Each structure stands twice: as C-alpha cells, then as structure tokens.
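Need a 3D model of the following:
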Amino acid sequence: MAKMNLYKKRGYFVLIIIIIISVIGTAYGSSSWVENTERSASPIEPREENIRANATEDDVHPFETSMEDSWTVLLLGKSDGFPETTETIMVAQIDPSGKIKLASFLSDNYVSIPEHQDHTLKTVYQKGGVDLLKDTLLENFGVYVDHYAIADFEGFEEITNIIAPEGVSVDIEYDMHQEDLSGDGDISFEAGEQTLDSEEILDYMRYREAAPGDQQRVERQQEVLTHFRKELLSSQTLAYVPQLVSSLSSHIDTDIPTGKLISMANTLFNNESEIETLTLPHEDSLEYNNYSHTGQIIEFDEEEVQETLSSFLDE
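A predicted model of the protein is given here:
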C-alpha cells in the first residue's frame, strides 16, 4: 500500500510539473513572437465601450465537456516585472487517456471584457482576476474552463535546474539571432551541438524567425518537453520530489483537486502521445491595429477562431 501511495504521489507531481513546463515554456514561446515582430499600424479611434453581463457556466458554447470526460485548465504565466499582467494565457485540455492539448492565446488579442471596456487579453486578469478571465475566454473564444493554474517564468528555470542540472543537449540546425523587443534580452545561438542551461533553454524554445517559422519553433518546444518528460518519468524522479515540491509551492497557485491530478497522473505513465499545441489566432488570420487606449493590439475573426479551437479540442 505504501508503495502504491508513493507511486501516486510521484505521478501527481509529474503531471503538475509537465503542465507547468508546458505553460511557461511552450506558451511563452507561442506568445513572445508577436512582441518581436516588426509591424506598423495607424492609430485609430477605439470601439465604443462594450458593456455586457458576465457569462455564466450555463451559457451555451461550442464544446463544453463533461467532468467525466475531458477537463480543461486555464494556465497563466506571469512575469516577475508585471505581477498582475498575464503575458502567457493557455487552456489545457486533458482527456481520460492522458492526452494533453494546449491552446495558447496571444496576449495582445483585443477582446470584449464583460462589464468592462474592450481591451487586450493580457489586462483582463488585472481587472478582475481568474473569474473575469474565464468569462472573457468563454465570451470571445467559446471555451469553458474547469480549473486554473498560475505560474511565473522564474519557476521554469528553477524546475529546469533541478531536473537537468547539467543542462539539456540539443542540436541547433542553424544560427539563431534575434533582437528581443520585449526587454528579456537578445537571443543568439550558433548552429551545432550545444548544452543549454535553464535560461538558454527558455530562449531556445521562444525563438521565432520570420514566417513561416512557427512549425520549427513548435518542434523545438516538443524536443525540450520530450526530454523533460523522459527525465520526469524515469526512476530518478523520486530523488527530485523534495526540491520540486519546494519550488512548486512558491511558483504555482491552482484550484485543481489533488484527487483529479492523481487520477490523471496514473494514466500519464502509460501514454506516449506528444503534447499537441495550437496558437490563436493563427498568424495568417490576424490583423494589427493601434487604439489610443491600448496601444498595439491584435484583431481577429471571432467566429473563425472559435471554429478552429473547437475543431482542435474535439478531434
């Protein structure tokens, strides 16, 4: 019995860590390319204030799922410099087989916010916390959220240092040089075999060259996540648990019930499928604008994005 409890405890932390690594690493890379892409747009007047009643869980939406089937988690990544701004916003869907799908929402998306003026998605948490952000996602993207988990980027580096203290070996296919306009530092890697530390791994995952380089970026993310997953599922994972628990306690806030995590973790050990990712809106279907009350924003076709997300989660 003790051995089984230890197994479940180990599985519980493995699932949490994989989700955290995914949100901080994958989503950080998915959203940061927007901030590093040159774009020009003429300032235009803001749309009229859009005041709407808060959405409720009873609202009809494209793909609400039963708690007995797949369940969703709102994953938020906060930077150290702006604790109330969520630069990383994702929804993870986890099904009974252990398959994880991650939908990343660009932080500059211009959205309708219940009972507030339209603004960027990254400002919603500051205005009304998790509940308002859940309502906003439901109203604009049609996605219902069951639970939430909030982490910061520093947590990714700490966890990486524990799991892979000697670094991660990667084969960089070509030179990577990018000026980082978001203030996180330039990215510069030479082609060839290299061992990257935690900070460099984060840069490697978030680097995005000019379009159509998104597929290559996703492949790099999967490469790193696969490495971490193998490490976490190895027999050495038990040695990491005390440090990982200590690190997680100061870098994550979640309302996911322990029992649900344990149940899903048990299936995770027998699941070899990759984590599937999606970025919304797609770079080919977005439009940049500039409003006087927001600055640079991204506009998108709400119906098209909802259809894309529905197909992704339902397939």
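
which strands and helices sit next to the helix or strand containing Gln126?
Assigned by DSSP states H and E, Gln126 falls within helix 124-141. Judged by 3 or more C-beta pairs under 8 Å, 6 or more residues apart in numbering; DSSP states H and E, the packing partners of helix 124-141 are strand 71-78, strand 86-94, strand 110-111, strand 147-152, helix 302-314. For the C-beta atoms, the positions are set from N, CA and C on the backbone; glycine is no exception.

Any chance of CSV for these, columns mean neighbour count and mean pLDDT?
Listed next are those as CSV, based on neighbours: other C-beta atoms under 10 Å; pLDDT from 0 to 100:
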stretch, mean neighbour count, mean pLDDT
strand 71-78, 23, 82
strand 86-94, 25, 81
strand 110-111, 22, 96
strand 147-152, 21, 82
helix 302-314, 16, 94
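
Tabulate these (a markdown table), appending distance to Thr136.
Converted to a markdown table, the helices and strands packed on helix 124-141 look like this (distance: least, C-beta to C-beta, whole Å):
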| stretch | distance to Thr136 |
| --- | --- |
| strand 71-78 | 11 |
| strand 86-94 | 10 |
| strand 110-111 | 6 |
| strand 147-152 | 13 |
| helix 302-314 | 12 |
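
Which one of these lies nearest to Phe141?
Among these, helix 302-314 comes nearest to Phe141, with 5.8 Å by C-beta to C-beta.

ok, residues contacting that closest one?
The contact list for helix 302-314 (C-beta atoms under 8 Å, 6 or more residues apart in numbering) reads 62-63, 70, 93, 101, 103, 140-143, 276, 278, 280-282, 285.

what is the rounded mean pLDDT of the helix holding Gln126?
Per-residue pLDDT over helix 124-141 has a mean of 95.

Give me the buried stretch members for it, please.
124-125, 127-128, 130, 132-141 (16 or more other C-beta atoms under 10 Å).

just stretch 159-169 next, same as before
Buried residues in stretch 159-169, counting neighbours by 16+ other C-beta under 10 Å, are found at Ile159, Thr160, Asn161, Ile162, Ile163, Ala164, Val168.

do stretch 117-126 as well
Within stretch 117-126, the residues scored as buried using 16+ other C-beta under 10 Å are Asp118, His119, Thr120, Leu121, Lys122, Thr123, Val124, Tyr125.
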